[in-house]
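K.L.:
Here is a sequence with its predicted model. Questions after.
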Amino acid sequence: MTKKYSYKIFGFNVESTFPFLDIPETAGEPQVLISYGKVPQALAENRVKGLWFEANADEFLFMVYNVAGYYVAHGDTIVIAPEKGASEAEIMLYLMGSAMGALLFQRNLLPLHGSAIKVGNHGAVFLGDSGIGKSTLAGALQKQGYPLLADDICAITISENGKALIIPGFPRLKLWADTLMQFAEDRQGLNRVHQDESFEKYFYPAQNIATEPVVVGSIFVLQSHDKDEFEIISLMGIEKIEPLLKNTFRPEYLEGFGNIKDHFKQCTAVAARSRAWRITRPQKGFLLKELIVQLERYW
């Protein structure tokens, strides 16, 4: 009999025919099934078709050359067809990224490309371009006692009473080797994000995690500039909505799923129920400790 693995991710129970790297198992009636198997070469119908993916209201198909094909359907099924020679870490990378993002859209959640930590009884969300330091910041804060809510994909739901809630995601971060060194963490035994040994980024199991949804309290849009000082600007009105639209995870999927209007309503609801700032740090040196001091003044 094939062993089944059970996890709780983004608020729903997942049953998988293979283990997720470094993630503890839980118990619960499965709501999402993940397995290896055959995937269609193309969808019978599609609303949008990109270079690597196609989608309709209920289905999503994603092909990664030399890694795997991923078929996501109805918000409750992910089937993976691995390519010969693909590493487990690379298969997991796209499962936890693009495939999971599609599943979240199908379940009518708002996936943001960002990180989040718990501060008291609410959550702080960090958005910004790739490489700006969202994961590094979240990693440093969870080491200082702030539980990690999410890294890379931050899923938000609007509850029946209108609250915007951050749902805990994968209890791990993706960190560069120099960041691990800065945190005095040994990278030995950690799984690489990519099989390429020149790509020094690793999956790092978080030591301090949140397990229950929390209300979005504050949103920080991270930027950098060539000045020597920090600049913090409060965002109001539509200025709060634009970063949510811009930093939605894989927004190109929305047309295929047919939920562009729902997505805008979700971003508007989050913006209306949270405070937001644009915080710009000096480019020269990450100044992590100084950045945290600035953040703690506002959340």
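P.N.:
Done, it's in.
K.L.:
Can you pull the domain assignment for the chain?
P.N.:
According to automatic domain parsing, the chain comprises the domains 5-106, 110-171+206-296.
K.L.:
Relative to residue 184, tell me which of those wins on proximity.
P.N.:
domain 110-171+206-296 (9.4 Å; CB to CB). For every residue, glycine as well, the C-beta is placed using N, CA and C.
K.L.:
Next, the distance between the ends of the closest one.
P.N.:
With CA to CA, to the nearest Å as the measure, domain 110-171+206-296 spans 26 Å from end to end.
K.L.:
pLDDT wise, what is residue 4 at?
P.N.:
pLDDT recorded at residue 4 is 93.
K.L.:
was I right about it contacting residue 16?
P.N.:
Yes - contact between residue 4 and residue 16 holds when scored by CB atoms under 8 Å: they sit 7.1 Å apart.
K.L.:
quick one: low-confidence ranges for this structure?
P.N.:
Applying pLDDT under 70 to the chain flags the ranges 1, 195-196, 198.
K.L.:
Residue 54 belongs to a strand?
P.N.:
Yes - assessed by DSSP: H, G, I helix; E, B strand; the rest coil, residue 54 belongs to a strand.
K.L.:
Contacts only, for it.
P.N.:
42-43, 46, 48, 60-61, 256 (CB atoms under 8 Å, 6 or more residues apart in numbering).
K.L.:
ranges for the strands of the stretch 1-150 of the chain?
P.N.:
Counting by DSSP state E, counting those that start in this stretch, the stretch 1-150 of the chain has strands at residues 5-9, 12-16, 32-36, 48-49, 53-55, 59-64, 68-73, 77-82, 110-119, 122-127, 148-150.
K.L.:
neighbouring strands for the helix or strand hosting residue 221, and are they parallel or not?
P.N.:
For residue 221, the element it lies in under DSSP states H and E is strand 214-225. If you go by DSSP bridges, strand 214-225 pairs up with strand 122-127 (parallel), strand 164-167 (antiparallel), strand 275-282 (parallel).
K.L.:
out of those, which comes closest to residue 29?
P.N.:
strand 164-167 (17.8 Å).
K.L.:
can you pull the buried residues of that closest one?
P.N.:
Residues 164-167 are the ones in strand 164-167 that count as buried (16 or more other CB atoms under 10 Å).
K.L.:
Compare neighbour counts for residue 4 and residue 16 and give me the winner.
P.N.:
Neighbours per residue (other CB atoms under 10 Å) separate residue 4 from residue 16, with residue 16 holding more: 23 against 13.
K.L.:
can I assume the more buried one is in contact with residue 26?
P.N.:
No - taking CB under 8 Å as the definition, residue 16 is not a contact partner of residue 26, at 11.9 Å.
K.L.:
which neighbours do those two share?
P.N.:
Joint contacts of residue 16 and residue 26 (CB under 8 Å, 6+ apart) are 6-7.
K.L.:
In the protein, what residue spans correspond to helices?
P.N.:
Remark: helices assigned in the chain by DSSP state H are 88-94, 100-106, 134-143, 177-182, 238-246, 254-257, 260-272, 288-296.
K.L.:
Kindly reformat those helices as TSV containing mean neighbour count and distance to residue 213.
P.N.:
Listed next are the helices of the chain as TSV, based on neighbours: other CB atoms under 10 Å; distance: least, CB to CB, whole Å:
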stretch	mean neighbour count	distance to residue 213
helix 88-94	20	24
helix 100-106	26	14
helix 134-143	23	17
helix 177-182	16	27
helix 238-246	17	18
helix 254-257	19	23
helix 260-272	17	13
helix 288-296	15	21
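K.L.:
ok so, going back, any chance of the domains of the chain in a markdown table with distance to residue 188 as columns?
P.N.:
Output for the domains of the chain, formatted as a markdown table (distance: least, CB to CB, whole Å):
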| stretch | distance to residue 188 |
| --- | --- |
| domain 5-106 | 14 |
| domain 110-171+206-296 | 17 |
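K.L.:
Perfect, that will be all.
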